[in-house]
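Enquirer: return a 3D structure for these sequence lines:
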Amino acid sequence: RTTSPEAKVLELSNEQNGYNNSLQLVSLKPSLSLTGNLPGFTRSINSITQPDGSLKFQTQSQAYSSLGISASQAIAPTGGRISLTSGLNRIDLFDPSNNTAWSSNLFVATVSQPLFQFNELKYLKPNLTTTQKLNNARYEQSVATFNQQIAALVLDYYYAAQQVKLLTTQLTKQTETIKR
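Expert: Numbering: from 1, shown residues only. Take a look at the predicted model:
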């Protein structure tokens, strides 16, 4: 029974339902993300007004890069989200002088709360529990139906074997009767 294709389909379907439930629960767990920009390089020619009113054209080159980390958590009862973010930025000026500037946000805490929106997170866990119970009941029902089909096939085979045996016996008796 457990090696038949139908049994494997039932088991894999039940396993997939479990994975789907786990994937939906992930939205309730905290998330951590890392963001970054590789150094972007820009080179431009800018006009600089001199004290006498004339314009001087000067090349300016700069590179910009950033790195940030963020942690966020859904608030299931309200449907909101709280997050903590930290970031670091670097600007390198190359022309006319070489300067490096750093800026950072040590911690930025934000709370996002939708006001006029349905809160699906509030009902996610109870809904998943009900869905999981329903999927388990369907799996058990499918297994029971599958077992009934196997039992019916076994009984059909036994009935056919008994019919063959009976017909063979009758044929043997008729053959003996004809020979006499």
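Enquirer: name the helix or strand of the chain that has the lowest mean pLDDT.
Expert: Least confident helix or strand of the chain, by mean pLDDT, DSSP states H and E, is helix 5-25 with a mean of 80.
Enquirer: now do whatever helix or strand comes next after that helix: everything it contacts.
Expert: Note on helix 5-25: by DSSP states H and E, the next helix or strand toward the C-terminus is strand 31-49. The contact list for strand 31-49 (CB atoms under 8 Å, 6 or more residues apart in numbering) reads 55-73, 92, 95. To be clear about C-beta, it is placed using only N, CA and C from the backbone, and glycine gets the same treatment.
Enquirer: for the least confident helix or strand of the chain, which positions count as buried?
Expert: By 16 or more other CB atoms under 10 Å, the buried positions in helix 5-25 come out as 7, 10, 14, 17.
Enquirer: need the residues you listed in JSON lines (columns: distance to residue 155).
Expert: Converted to JSON lines, the buried residues of helix 5-25 look like this (distance: CB to CB, whole Å):
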{"residue": "7", "distance to residue 155": "19"}
{"residue": "10", "distance to residue 155": "22"}
{"residue": "14", "distance to residue 155": "27"}
{"residue": "17", "distance to residue 155": "32"}
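Enquirer: how many neighbours does residue 80 have?
Expert: For residue 80, the neighbour count with other CB atoms under 10 Å is 16.
Enquirer: so what's the closest residue to it other than its chain neighbours up against?
Expert: Nearest residue to residue 80 in three dimensions, chain neighbours excluded: residue 113, at 3.8 Å (CB to CB, 6 or more residues apart in numbering). Contacts of residue 113 were listed using CB under 8 Å, 6+ apart, and they are 75, 78-80.
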